[in-house]
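> Here's a sequence, model it:
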Amino acid sequence: MGSAKINDELKQTIQKRMQTGTPRFLFRVWHAESGGTVGLNTINRITPLRFRLNPTHSRNFFDNSIEDLAQTAEDHIQSGKIPEGTMYSSWTQSLPQALVWACIRLKTRSKHLHLCILDTRELSSAQVVLHTYAMRELLSEKISEWVDYELLAYGPLEGPVYKAVPLNDIPKVDLERFYAGFCQNMLNPKVGEGFFKKGDAASLLSAASDIGRLFGEYSLPMQVHLLSCMSHTDINHATIVDALSGPTVPEEWLDDPDPTDLDVAGHTEAQRAAIILRDLAIRAHRRGLGVSTSGGRQDLQKSQELKRTHMLAGGVTPHPMIPKHV
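Numbering: from 1, shown residues only. Below you'll find the model as predicted:
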């Protein structure tokens, strides 16, 4: 492919876009043959096919030409044939969207389905994760628009940034506490009104805890993203923060981007989760509304305002497309 490289200015723009726009926690569902062949997705690692076919291919996103990065992204989106193999894996900021994909595959690949979470803030500076529309803006306008809700992660992903759990290990009764009939209403244009089963706050918190526990150090983010999918009338913001607050909330979450700046591709449940995670960190480490380490009162005011104006309803943002890329 072409040889035009990413210059320093573009590199800084890409890194800033990821740091300020890409949500911290992303989700993915995979089966044994995801990515093109057996063994690319495991409990311990995600390996895009190019890195299996060519183990010496650079793991640094910025070592590739712009043309190669853009064309491979387009071919990946279109599920096209890539002789050298894809450099990316597909992710979503929406946990419900990941579960929808799991539902689609459940009947044929139920023994091999895994749900996983990725912490993008713990990746090295050489690893890039961007929405496809961000790639279109930064790399090439030829990258398709029809999966703008999807994020592409460059290179192998392994170690503490990644955690995968077999779907069969997750108690179905707990999932169904949230997920109404495993996506029976996903194609309904009013999906946000009846997507998840209603339940009392105590049972929802208990189910979220059971599921979160399976994800080890990512227990709290999983709980928050599950609970963020519920209607405010089922469990409100204050109830979630009160129930999940504690000394184990990482202080580093205070350094995450303002939730109002995140690219969530219209998924309000993902933005609500980011707000809750930030408020948990504020509760645990600022000890009061006036205490500040990086933005203080203004950060808190933004968070409170966003909750009032956008998050009161809760629930899931409907999306016309079902994710099909793995």
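
> Now do the helices in the stretch 1-150 of the chain.
With helices called from DSSP state H, counting those that start in this stretch, the stretch 1-150 of the chain shows them at 8-21, 49-53, 66-77, 95-109, 132-138.

> W253: which of these is closest?
Closest to W253 of the helices of the stretch 1-150 of the chain, according to Cβ to Cβ: helix 8-21, at 14.4 Å. For the C-beta atoms, the positions are set from N, CA and C on the backbone; glycine is no exception.

> Show residues contacting the closest one.
The contact list for helix 8-21 (Cβ atoms under 8 Å, 6 or more residues apart in numbering) reads 6, 61-62, 66, 120, 125, 128-131, 134, 138, 257, 261-263.

> got the domain boundaries for the protein?
Per automatic domain parsing, the structural domains of the chain span 8-166, 171-310.

> would a markdown table of the helices of the stretch 1-150 of the chain with mean pLDDT be doable?
Below are the helices of the stretch 1-150 of the chain laid out as a markdown table (pLDDT from 0 to 100):
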| stretch | mean pLDDT |
| --- | --- |
| helix 8-21 | 95 |
| helix 49-53 | 93 |
| helix 66-77 | 94 |
| helix 95-109 | 77 |
| helix 132-138 | 94 |
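
> Skip the chain neighbours and tell me the closest residue to L130.
Nearest non-adjacent residue to L130, counting by Cβ to Cβ, 6 or more residues apart in numbering: M18, 6.0 Å away.

> pLDDT score assigned to D299?
Listed pLDDT for D299 reads 52.

> coming back round to it: could you redo the helices of the stretch 1-150 of the chain as JSON lines and give each row distance to A270?
Below are the helices of the stretch 1-150 of the chain laid out as JSON lines (distance: least, Cβ to Cβ, whole Å):
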{"stretch": "helix 8-21", "distance to A270": "12"}
{"stretch": "helix 49-53", "distance to A270": "28"}
{"stretch": "helix 66-77", "distance to A270": "20"}
{"stretch": "helix 95-109", "distance to A270": "8"}
{"stretch": "helix 132-138", "distance to A270": "15"}
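
> ok so, going back, would you single out the least confident of the domains of the chain?
Among the domains of the chain, domain 171-310 carries the lowest mean pLDDT, a mean of 76.

> thinking again about what came up before, out of the helices of the stretch 1-150 of the chain, which comes closest to S144?
Proximity to S144 (Cβ to Cβ) singles out helix 66-77 among these, at 5.2 Å.

> Counting by contacts, list what that closest one packs against.
When contacts are defined as 3 or more Cβ pairs under 8 Å, 6 or more residues apart in numbering; DSSP states H and E, helix 66-77 packs onto strand 88-91, helix 132-138, strand 151-154.

> Would you indicate which residues of the longest one are buried?
Judged by neighbour count (16 or more other Cβ atoms under 10 Å), helix 132-138 contains these buried residues: 132-136, 138.

> Just give me the closest of those to T56.
T56 lies nearest to M135 out of the buried residues of helix 132-138, by Cβ to Cβ, at 24.4 Å.

> Would you confirm that the closest one contacts E141?
No. Between M135 and E141 there is no contact under Cβ atoms under 8 Å: 10.2 Å.

> Tell me where the longest helix sits in this protein.
helix 268-285 (DSSP state H).

> Which stretches in the stretch 151-300 of the chain count as helices?
For the stretch 151-300 of the chain, applying DSSP H, counting those that start in this stretch gives helices covering 172-178, 191-194, 201-213, 219-227, 237-244, 268-285, 296-310.
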